[in-house]
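Chemist: with the sequence up front, the predicted model follows.
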Amino acid sequence: MHRYIPNTDADAKKMLEAIGANSIDDVFKDIPKELILDRELNVDGPYSEMEIINRMCKLSNKNKNTNDLTCFLGAGAYDHYIPSIVKHLAGRSEFYTAYTPYQPEISQGTLQAIFEYQTMMSNLTGMDVTNASMYDGATACAEAAMMAADKKKRKSIVVSETVNPETRKVLKAYMKLHNIEIVEVPMEGGVTDLEKLKSAVSKETAGVIVQYPNFFGIVEDMSEIEKVTHENKALFINYVDPIALGILKSPGELGADIVVGEGQSLGSELNYGGPYLGFFATTSKLVRKIPGRVVGQSEDVDGKRAFVLTLQAREQHIRRYKATSNICSNQGLVALMASIYLTTLGKKGIREIAMQNVQKAHYAFKELTKSGKFKPMFDKPFFNEFALTSDIESSKVNEELLNHNILGGYELGKEYSQLENGLLVCVTEKRTKEEIDKLAKVMEVI
Amino acid sequence: MKIVEGLLYSNDHDWVKVEGDKAYIGITDFAQNSLGEIVYIELPEVDDELDKGDVFGVVESVKAASDSYTPVSGTVVEVNEDLEDSPENANEDPYGSWILAVELSDKSELDELMNHDEYKEFCEKEE
Amino acid sequence: MYTGYDKLIFEVSREGRKAYSLPKCDVEEVELDKLIPSEFLNDKDLDLPEVSEVDVVRHYTQLSTKNYGVDSGFYPLGSCTMKYNPKINEDMASLPGFSKIHPYQPTETVQGALELMYELEQSLAEIAGMERMTLQPAAGAHGELVGLMVIKAYHEKRGDTKRTKIIVPDSAHGTNPASAAVAGFDIVEVKSNKSGAVDLEDLKSVLNDEIAGLMLTNPSTLGLFETNMKQIADLVHEAGGLLYYDGANMNAIMGIVRPGDMGFDVLHYNIHKTFSTPHGGGGPGSGPVGVRKDLVEFLPTPLVEKEEDKYVLNYDMPNSIGKIKSFYGHFGMMVRAYTYILSNGPGLKEASQKAVLNANYLMNKLKEKYYLPIDQVCKHEFVLGGLNKEILGISTLDVAKRMLDYRYHPPTVYFPLIVSEAMMIEPTETESVETLDKFVEVMNKIADEAKENPELLKNAPHDTPVRRIDEAKAARNLVLKWEKNN
């Protein structure tokens, strides 16, 4: 008997009798004999809870985690501080063992939390509406491009090379399916090459995608890009870091039509790459084209405020092949965690966190470039990441850092052949002066 | 169920009201009834060129979304913007709530539509 | 306990309160506009709540009391496999060695994570009868998309570019046609016959050299096994198409019959259904995709490979469809699923057996007062067509809403589309016979109420935090965020 299965063999016998069956095989008699698996499954187990803990801890201990290593690695996944209450509250099983809120009368907890998430994300991004979440930043970006192509009835998307390479790869795989052309605009000095962008954007362009701050941590000047995009009646799509919005002008103010991004920074662990949180915000004008689930406010028969999934007619379970997207599951629980995170940090906290990121990153930048052994790759304003270069191979630098229990930066040469030996260093609010000084000291003697 | 005399009807439960070279198009009482509470109507844009059978918009109810196909060809000359704010008008007064008007490009297409008696019979079969 | 709390967090907010603490910035601070030009900086206050830590805790705890999860009670939501979500899974996923590792860490520092992914892949492939799996897809629908991309890549590589259509049965999940459309295919619908199976004649009539593949759920969404499986597979393969298995209903057949042995070429799982990872109020899910041997080259990059006693990420796959998600998928969900497999081992078969037994037991008990359109042995779920026909004017929706008053989560309603007034019931193996008996009792009571006091059902629910909600109002006057004056 397995601990997750209450019915004993005696129960099963009674139940079989009640339905007029002789054995458990009777309820499988509709499966043709020749298809039946005639052996046991070859999978490990079963184990007791204690055995499982032992095995899993052994596996887990084979990994070096960010408690063992001081993390200066970012590039799309960030080691930010997570308040203790996030896990406790999201860990309430009424939240995490519930399904999608299709029965709103007994799902007001999830629905209201998502409504509050939509509100906070809309406020943070400066947009009118936010959906209930997408799989991750990269797929949210691909959905934004598809929405732009659908809305504009155009077949070309312009994307800057300064957008996260991982995101651009996902974008490419999605766009290929619809024969939508991707035009990549090269970078110049760490930012989108404006002249090349201007010649790339045309009346065929459905959307222009730029990252803010960009992959190199640089805060790009969006004003010209926005102008060119809208002159050609294309949609201006911003891929943003939500923490940076604690101090930066909101994409809404910069004229964005769609804002997407990776919300892992908002209360989620690194989790070796997932589950994370794709957020998707847009203007009221485009709300009927938005992919995925959306929660709206209404009232019940007694006139009491109530929340419910709305705009459902666009979704796959009703519109089938004509749906705006095939997305069904979202990242409900991760969106809840982001809600709790944003509530906890609130008006002042997000700004303070963003401030500490900027200050610590700039301090690290100053310390690491002091001797001239490591040089700045670019000379532009940045948020919490910056690119360095030196005569030493970046993989060699990282190896040496690892020997000192430091998780070094992202090796830019992997994705940008012109940036050989480039190292993208990330400094969040979690890093202390002591850790930064140690990093500088170790790097100095490599 | 209400069917109005003097209008023409399509298999897709659209009605057409001809005024000279212009035709007003909406959805019938039968259509609104089977869709349920209409929450949004996506309108075409003025100057859109539509061929018979093209999608001119989407009618959304709480539980369904249905593409609307134009029963006649022509250029869109007017759209009923009131429906953007009050889509429920299409439920309450389907024959008073035209969705779009086109400048007819081929009047012979009107001959293929049903009159109110034929449409009545058509609906009875559908039910 | 639900106390009637009805505040939004913004209404709790009071200026000056805070719920966080940060250490003092320990590096020398420079004025912000010396670091980033002021034209890039936000000069306005952020519009976010200001609350104390206790406020946050009370608020979300109160919200949780307005929710219903598997831990709250019976949740027979068809096709969603709402089985118990073991607590040990959660503990394992939050081990620092799994939760606090960065996706770009050097692979020599994450050997345990890679080993786990490798072992999970092996187990999932074994259960499916497939050669390899990708763990990258984020959810079932995402898995469908990936599987269809693989099918597309397969035909394209062979130069067979005419194959632009995917066949989908009329009983399929809505995600099937939606995914096929997103993957750039045209959809051909094939009918179900009276017993809910694929109509072979109709299938033959739509098969030709433009068909890329057929998507099938087996057992079907009616909970019935496709007894003509072999013929269906042969027909599609003879026509040059591939067979795609929608694994939503995998909980019926683990260790009993394998999709690969049924003739399927590609499949996706819903880890959050079959392998007990929680649904999280809508996600995150996880939708690994498995393929037969000659399709492995098309899977997304990277795959985890074992080289002697070392694990590596393999990006060297020139025919891969590319990347469809950042990094490697929902790793946290993989940890949970792997824990679940370890705790069951080959006993996964018992889970499927007991799930199917529970469904048949419930079906037999409920058919007395509810209409059962197809009366034959079912698999892990079954579909009723509402109340017996002599009770007029009471819809499935009314019955479902009344169930809320009795503290049950209702079944999936109005799906599949081919049964009118459908109620799709999936009890899963983690429910006891007493729970099922009690449920039958309540369902019968509701049927009696429908006869004696129909208004009770039409106005239900009566005893929930909110009652029936005006969905038309929500869709007509879109209020999608809180604003001070609404």
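Modeler: Cool, the structure landed. Numbering: from 1, shown residues only, chains lettered A, B, ... in the order given.

Chemist: how about A:Arg3, secondary structure?
Modeler: Following DSSP: H, G, I helix; E, B strand; the rest coil, the label given to A:Arg3 is coil.

Chemist: so whichever residue of chain B sits closest to chain A bridges to which residues?
Modeler: Nearest residue of chain B to chain A: B:Ala65, at 3.8 Å (C-beta to the nearest C-beta). C-beta: built from backbone N, CA, C; applies to glycine. For B:Ala65, the beta-bridge partners are B:Glu60 (DSSP bridges).

Chemist: one more: A:Tyr410?
Modeler: In this entry, A:Tyr410 is beta-bridged to A:Leu424, by DSSP bridges.

Chemist: gap between it and A:Ala354?
Modeler: A:Tyr410 is 21 Å from A:Ala354, where distance means C-beta to C-beta, to the nearest Å.

Chemist: dump the residue contacts of A:Tyr81.
Modeler: By C-beta atoms under 8 Å, 6 or more residues apart in numbering or on different chains, the residues touching A:Tyr81 are A:353, A:428-430, C:22.

Chemist: among those, which ones are buried?
Modeler: Listed as buried from the contacts of A:Tyr81 are A:353, A:428-430; burial here means 16 or more other C-beta atoms under 10 Å in any protein chain shown.

Chemist: in helices only, show me these.
Modeler: Within these, residues falling in helices by DSSP state H are A:Ile353.

Chemist: and the buried ones among the contacts of A:Tyr81, which is closest to C:Thr134?
Modeler: The shortest gap between C:Thr134 and any of the buried ones among the contacts of A:Tyr81 belongs to A:Thr428, at 30.9 Å (C-beta to C-beta).

Chemist: surely that closest one meets A:Ala364?
Modeler: No: assessed by C-beta atoms under 8 Å, A:Thr428 is found out of contact with A:Ala364, at 10.6 Å.

Chemist: where is the longest helix in chain B?
Modeler: helix B:116-126.

Chemist: give the buried residues for it.
Modeler: Judged by neighbour count (16+ other C-beta under 10 Å), helix B:116-126 contains these buried residues: B:119, B:122-123.

Chemist: can you show me the CA trace of the worst-scoring helix or strand of chain B on mean pLDDT as PDB?
Modeler: For chain B, using mean pLDDT, DSSP states H and E, the weakest element among its helices and strands is strand B:65-69, scoring a mean of 83. This file holds the C-alpha atoms of strand B:65-69, laid out as PDB (Å, rounded to 0.1, in the frame of the first residue of the first chain):
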ATOM      1  CA  ALA B  65     -16.500  34.500 -30.000                       C
ATOM      2  CA  SER B  66     -17.800  34.300 -33.400                       C
ATOM      3  CA  ASP B  67     -16.300  35.600 -36.600                       C
ATOM      4  CA  SER B  68     -18.700  37.600 -38.800                       C
ATOM      5  CA  TYR B  69     -18.500  37.100 -42.500                       C
END
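
Chemist: what's that strand in contact with?
Modeler: Here strand B:65-69 makes contact (C-beta under 8 Å, 6+ apart) with A:313-314, A:318-319, A:322, B:10, B:12, B:14, B:27, B:31, B:35, B:53-60, B:99.

Chemist: one more pass at 6 Å, please.
Modeler: A:313, A:319, B:12, B:53, B:55-59 (C-beta atoms under 6 Å, 6 or more residues apart in numbering or on different chains).

Chemist: just the element for A:Asn330, please.
Modeler: Using DSSP states H and E, A:Asn330 sits in no helix or strand.

Chemist: I'd assumed A:Ala387 was in contact with A:Phe216.
Modeler: Yes: in this structure, A:Phe216 is within contact of A:Ala387 by C-beta atoms under 6 Å, at 5.1 Å.

Chemist: with neighbour numbers in mind, choose between the two.
Modeler: Shown here are A:Phe216 and A:Ala387; by other C-beta atoms under 10 Å in any protein chain shown, A:Phe216 has more neighbours (27 against 24).
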